[in-house]
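>>> Here is a sequence with its predicted model. Questions after.
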Number of protein chains: 2
Amino acid sequence: MGRPREFSDAVAVDAAMELFWEKGYEATTTQDLCSRTGLGRGSLYNAFGSKHRLYEAAIRRYADTRGEAQLAMLAEPGSVRDRLRDLMLGVIDADMADPGRRGCLALNAATESSGRTEAVAGLVRRQFTDLEQAILRLVEVGQSTGELASDRPPLQVARAFQSAYYGLRVLAKVTGDRRALLDVVEGAVAAL
Amino acid sequence: MGRPREFSDAVAVDAAMELFWEKGYEATTTQDLCSRTGLGRGSLYNAFGSKHRLYEAAIRRYADTRGEAQLAMLAEPGSVRDRLRDLMLGVIDADMADPGRRGCLALNAATESSGRTEAVAGLVRRQFTDLEQAILRLVEVGQSTGELASDRPPLQVARAFQSAYYGLRVLAKVTGDRRALLDVVEGAVAAL
DNA sequence: GTCATTTTGTACAGATCAGTAAAGAATAGG
DNA sequence: CCTATTCTTTACTGATCTGTACAAAATGAC
């Protein structure tokens, strides 16, 4: 009972996510969040408690939407090499098409020291290990079908590839040199 | 002529660098900077103009000290694989020994959207390409001596390794799992 | 309708923000 | 010693920060 909410939580968190994604935690003000979500201060604090809690919700939402979309991409049919290459190529297209150069919210949250509480670190860690596991499964498939060489531990191969993936996203933040990024992709795929 | 400065610019920038390194640009206040450097507000603004200009000076100083130290490490004697492995192992030791989990200031500056003006992006880009070139030279040496396979373009190999290096630093920000990080090292070195 | 409950809007709190103004202090040159 | 110049200190600005208090509004239960 009581007065019903005039907004959808998911939509509000989505708007907050976009904002944190653009500006980071510290540079985003609660006023920004009110403007972007359309909520008044009272509603925003009533629903989410604090700026930091909303930040955590935004990271969770990022994982549930963008993160899951990436994992789904890895599950599509096709050779292992093609799947992993597409993952990286997709990132290059997305990151370079984005004028705000937002990159990956989870990665941004990992590197921004303020707001990197244990709660945030935990959420980021989970996204990282989810991706690691998805890559690992692909590598295992590739090794079992003979598409990939089987002379190295799959987990090691997966982790090295994942690292190159995050490095790629870091490089894409400051460089506009598409060929440099494509070198990373081909180098990482060749290393499989 | 005029009244002499009571502080050394280099020492002040060094202190500011440590602070920006710990907290990032946005979360560092000018009051923090005054406390840490020991300067009054007047002196700080007289000497550096603005918080952002001091940030740029800090990044430059980071490049001149920490960045150069890394490049020097790559120039030491030893096999190419050992040099590149040591680069990464050194990072693991340094990052995990640091309770503040500061990581790499240049990488932090690259991902923090606020304060990422073109000036900052340029400074970061320079550090990135300096490392790329240093790795490239090593790869070229390795390929010419036969230590590394010569079936792939050296620049592609170097860029993929560099990416794994930055990815490693990102992972080190949130994980305490040393074996996961060591997998990245061995995977990246094996991919050479 | 009345009541309990929740949401909403507004106004406000106290702290803190980056940056500046201005007066006093320390120097070099004359 | 005197002046021009630079640095230091302090006080202050106006804006902005996160979070809260509180009354009005909207609902369901009865």
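Perfect, thanks for sending it.

>>> Any part of the helix or strand containing residue A:61 near DNA strand D?
For residue A:61, the element it lies in under DSSP states H and E is helix A:51-62. Yes. Using C-beta under 7 Å from any atom of the strand, we find that helix A:51-62 touches DNA strand D at A:51, A:52. The C-beta positions use only the backbone N, C-alpha and C, and glycine is treated the same way.

>>> How about residues contacting that helix?
A:10, A:13-14, A:16-17, A:20-21, A:25, A:28, A:30, A:33, A:44, A:48, A:105-106, A:109, A:115, A:117, A:119-120, A:123-124, A:127 (C-beta atoms under 8 Å, 6 or more residues apart in numbering or on different chains).

>>> Quick one: buried ones out of those?
The neighbour-count test (16 or more other C-beta atoms under 10 Å in any protein chain shown) marks A:13-14, A:16-17, A:20-21, A:25, A:28, A:33, A:44, A:48, A:105-106, A:109, A:115, A:120, A:123-124, A:127 as buried among these.

>>> Would you check which of those residues are in contact with DNA strand D?
With C-beta under 7 Å from any atom of the strand as the criterion, these include residue A:28 near DNA strand D.

>>> Keep only those of the buried ones among the contacts of helix A:51-62 that are in helices.
When these are checked against helices (DSSP state H), the matches are A:13-14, A:16-17, A:20-21, A:25, A:33, A:44, A:48, A:105-106, A:109, A:120, A:123-124, A:127.

>>> quick one: average pLDDT of the helix holding residue A:61?
Mean pLDDT, helix A:51-62: 97.

>>> check contacts around residue A:88.
Per C-beta under 8 Å, 6+ apart, neighbours of residue A:88: A:165, A:168, A:184, A:185, A:188, A:189.

>>> Select from the residues you listed the one having the most neighbours.
Counting neighbours by other C-beta atoms under 10 Å in any protein chain shown, residue A:188 comes out on top of those with 30 neighbours.

>>> Isn't it up against residue B:162?
No. In this structure, residue A:188 is not within contact of residue B:162 by C-beta atoms under 8 Å, at 11.0 Å.

>>> Can you tell me the element residue A:181 falls in?
Counting by DSSP H and E, residue A:181 is part of helix A:178-190.

>>> Look up how far DNA strand C lies from residue A:166.
Residue A:166 sits 29 Å away from DNA strand C, going by C-beta to the nearest atom of the strand, to the nearest Å.

>>> what sits against that residue?
A:104, A:107, B:166, B:167, B:170, B:171.

>>> Residue A:188 too?
By C-beta under 8 Å, 6+ apart, residue A:188 lies in contact with A:84, A:88, A:161, A:164, A:165, A:168, B:160, B:163, B:164, B:191.

>>> how close does it get to residue B:160?
5 Å (C-beta to C-beta, to the nearest Å).

>>> List the residues that are in contact with both of these two.
With C-beta under 8 Å, 6+ apart, residue A:188 and residue B:160 have common neighbours A:164, B:191.

>>> picking up where we left off before, off-centre distance for the helix holding residue A:61?
Relative to its chain's centre, helix A:51-62 lies at 13 Å (C-alpha atoms, centre = their mean, to the nearest Å).

>>> Please spell out which residues along that helix are buried.
So helix A:51-62, judged by 16+ other C-beta under 10 Å, has buried residues A:51, A:54, A:55, A:56, A:57, A:58, A:59, A:60, A:61, A:62.

>>> right, is that helix up against DNA strand C?
No. Against DNA strand C, helix A:51-62 shows no contacts by C-beta under 7 Å from any atom of the strand, the least distance being 12.6 Å.

>>> pLDDT on the next helix or strand after that helix, on average?
Remark: after helix A:51-62, the chain's next helix or strand is helix A:68-75, criterion DSSP H and E. Helix A:68-75 comes out with an average pLDDT of 94.

>>> Contacts for helix A:68-75 next, please.
Residues outside helix A:68-75 that contact it (C-beta under 8 Å, 6+ apart) are A:83, A:84, A:86, A:87, A:90, A:130, A:131, A:134, A:135, A:138.

>>> Relative to residue A:76, which of those residues is nearest.
For the contacts of helix A:68-75, the residue nearest residue A:76 by C-beta to C-beta is residue A:83; the value is 6.6 Å.

>>> Which secondary structure state does the closest one sit in?
Following DSSP: H, G, I helix; E, B strand; the rest coil, we place residue A:83 in the helix state.

>>> Chain neighbours aside, what residue packs nearest to it?
Using C-beta to C-beta, 6 or more residues apart in numbering or on different chains and skipping residues adjacent in sequence, the residue nearest residue A:83 is residue A:74, 5.5 Å away.
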